[in-house]
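**Q** below is the structure, and that's it, no one-letter string:
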């Protein structure tokens, strides 16, 4: 029996996420790699206006290099799904994993509907590696201290939980940069999953994802009356009730 770690890259929009990269890695119970597949979706690749909408469109030359080196293969989306289905059966895959699996699951569902092909994930459970990381890695004093030390925060000031940051933590490589290309991302997400197993995570268990890892940080504020400063300080939290603002310092 085995597992698959899946990753997709898309163009278009959140409502219509057209996959241009579908990649997956098959791992055995011991974590060893049994197969690695990196596919470029032919329909999206040749639709240049669509591809130009991709967030990582500048990586197109890297895909060209991978295909020339036979490290990635271009196929129609339906054929990619057929190969995924065959590998699920061939390797007796018990579960599929992805980091922030809601995104990848939605991508596969949308594209299978769009291209009118069978969805291989309909017959196998999908689990979120981010949920595993949230339970066994990120929501710990050690991880938060690591983020504080290296200023790994979100734009809103909370602790970062990206696969890139988590991989930096488990490897100690603070300069690591995520490729945001299917199979490369599958590799680091596999390492995160295996690290969670080593820390006691039970395989094929649905761990609730911690969507926001809050970081207590103070925000400066000032109260003025008739143009004069009445009070200034910093708050941890502000709330409004009955048209009155309350500040927690």
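**A** Sure thing, it's come through. Since the structure is predicted, the reported quantities are computational estimates derived from the model, not experimental observations.
**Q** continuing past the lowest-mean-pLDDT helix or strand in the chain, what's the next helix or strand?
**A** Counting by mean pLDDT, DSSP states H and E, the chain has its least confident helix or strand at strand 237-241, which shows a mean of 70. Counting by DSSP states H and E, the next helix or strand C-terminal to strand 237-241 is strand 244-248.
**Q** give me the sheet partners of that following strand and which way each runs.
**A** strand 237-241 (antiparallel) (DSSP bridges).
**Q** just to be sure, residue 6 is in a helix?
**A** No. Using DSSP: H, G, I helix; E, B strand; the rest coil, the secondary structure at residue 6 is strand, not a helix.
**Q** number of residues surrounding it?
**A** 25 (other CB atoms under 10 Å). Where you see a C-beta, it was placed from the backbone N, CA and C, and this is true even at glycine.
**Q** bridged to it, which residues?
**A** Residue 6 has these beta-bridge partners by DSSP bridges: residue 24.
**Q** am I right that it is in contact with residue 183?
**A** No. In this structure, residue 6 is not within contact of residue 183 by CB atoms under 8 Å, at 10.4 Å.
**Q** what do the two both touch?
**A** Counting by CB atoms under 8 Å, 6 or more residues apart in numbering, the common neighbours of residue 6 and residue 183 are 23-24.
**Q** report the contact partners of residue 185.
**A** Residue 185 makes contacts with 7, 23, 99, 163, 178-179, as judged by CB under 8 Å, 6+ apart.
**Q** are any of the residues you listed buried, and if so which?
**A** Buried members of the contacts of residue 185, counted by 16 or more other CB atoms under 10 Å: 7, 23, 99, 163, 179.
**Q** tell me the one of those nearest residue 52?
**A** The shortest approach to residue 52 among the buried ones among the contacts of residue 185 belongs to residue 179, at 20.1 Å (CB to CB).
**Q** on the three-state scheme, that closest one is what?
**A** coil.
**Q** ok, residue 118 - contacts?
**A** If you count contacts by CB under 8 Å, 6+ apart, then residue 118 has 81-82, 85, 112 around it.
**Q** look up how far residue 98 lies from residue 131.
**A** To residue 98, residue 131 is 11 Å away according to CB to CB, to the nearest Å.
**Q** of those two, who's got more company?
**A** Taking neighbours as other CB under 10 Å, residue 131 and residue 98 compare with residue 98 leading, 27 against 21.
**Q** so that one is in contact with residue 105, correct?
**A** Yes. Applying CB under 8 Å, one finds residue 98 in contact with residue 105, separated by 7.1 Å.
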